[in-house]
Structures are given as structure tokens and as C-alpha cells.
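Q: All I have is the shape, not the residue letters:
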């Protein structure tokens, strides 16, 4: 029995690596990945130059490149749902995400026959859950065609492609969508990238029907953040670098931007706080292995270092495209540094 279990883990591991290899080759499409990583790695310096916007720096392009380079590794080491979720003790990342997505389904009061907009849909992990469990139709908006292609492939693989449409554009300008189109909407860790938060929410407000519910979720600084505390500033900068954020708003700033756009904020809270039932830090899966094995090992520091070395070997053997290991060690800084 033990031998069969080991063989099963080995077989699954080989299949997952083959899937990762194929996904990387499709995402990189023969480009010079090492040069792309080198250019991406300097985004903070370019963004911090005084008057950077006037000199042509576009953070939207930085974010797009970040996800074009990193999504396949994120899926391999995290899950198809590229977002955090409140964790309970001994709960896996995947279980917490499922529980969180079902909470969203409940809060949005989704019903069969509704049409829903997924703002910044990534590769569609939450989308597939709400389509399966709520029976709604979804339009996924994303400016990364690499991620949209992955979403289309996974939706087709799971027989859900007939329930989803796609729009390749920035959520700052969804002019192809008419006013008052959608019954519901959600944005999971996407509007944190908006160059103008109130402008992003105004565009979302425009495409929702009057009275529609909207679920917004993003990384924020809490009331505990002290801008005069050097340690707090270091933590903030590391978070910004780790997921390519130009800045991180406070919860209050997000709520005010929603109200400026016309929304009535029904709930606005820190879901990762103990007051709201989260007893395990959101970053815990990136610090300790917990009870899961397999790809989860690459989430923790020792496993990530080993995976970088294995990726370099895979490059040498032609299994991974050249530059893949640079993506892990430089384009996703938290993978190498935590």
C-alpha cells in the first residue's frame, strides 16, 4: 500500500511538472525571458523617479508583465485561484479559498440566470466556482492575454466555456461594455493595481445595473499601520515589491473611493483580522508547510530555494524555457527572500 501511494505521488508530480513545462512554453512563446525579467526587475527604480508618469512609465504594463511572467509558477505553487483568503487552523490554502469564494457567492446573492462581471479575472479560479455552484454567466475582464488564454483553456477543459465570455482590456476603460449591463460584479485583488481607484470603481459602477451588488477584495494597510514607523514602511515596501503594487491604500481610502464612485458601502472590513474570525495569518502558507505536501512545498523558504535549483536544471535539460529560474528568484521576490 505504501509503495502504491509513493508511486501515485511520483506519477502526479511528473504530470504536474509536465503541465508546468507546457504552460511556461505557451506563456513565454519563445521570448527572451531572461531579458524580460531583467527589465521587470527594475520597475521600482523606474516608478520612483520623480515625474515617472510624465517620462512614460506605465505601471499597468509592469503589472501585465508581472502576471505574464509569473502566473504559471503561481498556479503550480499556489492554486488556480490566485488570491489569498482568511485561514483557519489546519486549513489548506485550497480549502480556505473555496470557503471564501462560497462566502462571496452568498454575499452577492447569486442566482441562476444572472450575468456577472469578473473584474481582473486572472486565470478564472473563482469564476469557475461561481459558474458551477451558482449557475451564473460570467464575463471575465483582463488586460493579460496570456492569462485569458489560460482561463479559456481551463474553462474548456472543465466544460464551462459556454458560460463565460472574455474581454481583453483594462478595467479602467471597459468602453466595449454598455451601461447597466451586469446583475452582479466582483474584483478579487485586482483593483489594488488601479492607478486611480475612484476612477476604476466608477467604471465598474457604470457597467452594473442599478441596485446591483459588488464584492471588492484587495490588499490594504490597516489602522495599525504607522507611516512614521520604519519597520512598518519596510513591510509595506516588501509587499509592494512582492506583488508589483505601486502603492497600498488603507481600508478607509478604498471605502471613500467606492463612495465617490457612487457605491453605498454595505460592509467594509479586514477579513484577515482576529475580530472577523481569522486566527491564522494570511501569509502562514509561505512560512510553514502545514499539513499539505506536493506543490505546497514550494511556498515555504527551503522548498522555494530547492525549486529554484531544480528549475535551473530543468532549463539545462530543455524542460523549462531559458530564464524560468530567473522568474522565480527575481520576478517573484517573496519566493526567494522570505
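A: That came in fine, so what should we check first? In this text, all values refer to a predicted model and were calculated from it rather than measured experimentally.

Q: who's in contact with stretch 259-270?
A: Contacts of stretch 259-270 with the rest of the structure, by C-beta atoms under 8 Å, 6 or more residues apart in numbering, involve 107, 198, 201-202, 204-205, 213-214, 220, 222, 251, 254-255, 258, 276. Just so you know, the C-beta spots here come from the backbone N, C-alpha and C atoms, and that holds for glycine as well.

Q: for those, which one is nearest residue 239?
A: residue 220 (10.5 Å; C-beta to C-beta).

Q: re the thing from before, which of the contacts of stretch 259-270 count as buried?
A: With burial judged by 16 or more other C-beta atoms under 10 Å, the buried subset of the contacts of stretch 259-270 is 198, 201, 202, 204, 205, 213, 214, 220, 251, 254, 255, 258.

Q: In strands only, show me these.
A: Of the buried ones among the contacts of stretch 259-270, the ones assigned to strands by DSSP state E are 213, 214.

Q: Spatially nearest residue to the residue sitting nearest the centre point of the chain, not counting backbone neighbours?
A: In the chain, the residue lying closest to the centroid (C-alpha atoms, centre = their mean) is residue 82, at 3.7 Å. In this structure, residue 82 finds its nearest non-sequential neighbour in residue 122, 4.8 Å apart by C-beta to C-beta, 6 or more residues apart in numbering.

Q: correct me, but that neighbour touches residue 79?
A: No. With contacts counted by C-beta atoms under 8 Å, residue 122 stays clear of residue 79, the gap being 11.0 Å.

Q: ok, those two, which is more surrounded?
A: residue 122 (26 against 18; other C-beta atoms under 10 Å).

Q: quick one, what contacts that one?
A: 67, 71, 82, 83, 142, 147, 151, 188, 190.

Q: As a check, name the ranges of all strands in the stretch 201-338 of the chain.
A: Assigned by DSSP state E, counting those that start in this stretch, the stretch 201-338 of the chain shows strands spanning 208-217.

Q: same question, the stretch 51-200 of the chain
A: All strands of the stretch 51-200 of the chain, identified by DSSP E, counting those that start in this stretch, fall at 115-119, 137-142, 164-168, 182-188.

Q: Strand partners (parallel or antiparallel) of the third one?
A: Spelled out, it's strand 164-168. strand 137-142 (parallel) (DSSP bridges).

Q: quick one: the residue nearest to the centre of the chain from residue 212, how far?
A: Distance of residue 82 to residue 212, given as C-beta to C-beta, to the nearest Å: 25 Å.

Q: Might you list the low-confidence residue ranges for the stretch 151-300 of the chain?
A: Scanning the stretch 151-300 of the chain for pLDDT under 70 picks out 274, 276-278, 286-300.

Q: Recalculate using a threshold of 90.
A: Counting by pLDDT under 90, the ranges of the stretch 151-300 of the chain that qualify are 222-224, 235, 238-239, 241-242, 268-300.

Q: how about the helices in it?
A: Secondary structure of the stretch 151-300 of the chain (DSSP state H, counting those that start in this stretch): helices at 197-207, 230-242, 251-261.

Q: Which one, of these, ends up nearest to residue 49?
A: Checking the helices of the stretch 151-300 of the chain against residue 49 by C-beta to C-beta gives helix 230-242 as the closest, at 15.8 Å.

Q: ok, and for the closest one, which residues are buried?
A: Buried residues in helix 230-242, counted by 16+ other C-beta under 10 Å: 236, 240, 242.

Q: that older thread, looking at the contacts of stretch 259-270, which is nearest residue 183?
A: For the contacts of stretch 259-270, the residue nearest residue 183 by C-beta to C-beta is residue 213; the value is 8.5 Å.

Q: Of all the strands of the stretch 51-200 of the chain, which one comes closest to residue 321?
A: strand 137-142 (22.3 Å).

Q: Compute the inter-axis angle for the closest one and strand 182-188.
A: Counting by axes from the mean of the first three to the mean of the last three C-alpha atoms, to 10 degrees, strand 137-142 lies at 40 degrees to strand 182-188.

Q: Could I get the average pLDDT for strand 137-142?
A: What strand 137-142 shows for mean pLDDT is 98.

Q: what's the answer for stretch 109-120, then?
A: On average, stretch 109-120 scores 97.

Q: Check stretch 44-60 too.
A: pLDDT averaged over stretch 44-60 gives 81.

Q: and it, how far apart are its ends?
A: Length of stretch 44-60, first residue to last, C-alpha to C-alpha, to the nearest Å: 13 Å.

Q: for that stretch, which positions count as buried?
A: Buried residues in stretch 44-60, counted by 16+ other C-beta under 10 Å: 47, 57, 59.

Q: Adding distance to residue 172, write those residues out as a markdown table.
A: Listed next are the buried residues of stretch 44-60 as a markdown table, based on distance: C-beta to C-beta, whole Å:
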| residue | distance to residue 172 |
| --- | --- |
| 47 | 17 |
| 57 | 16 |
| 59 | 11 |
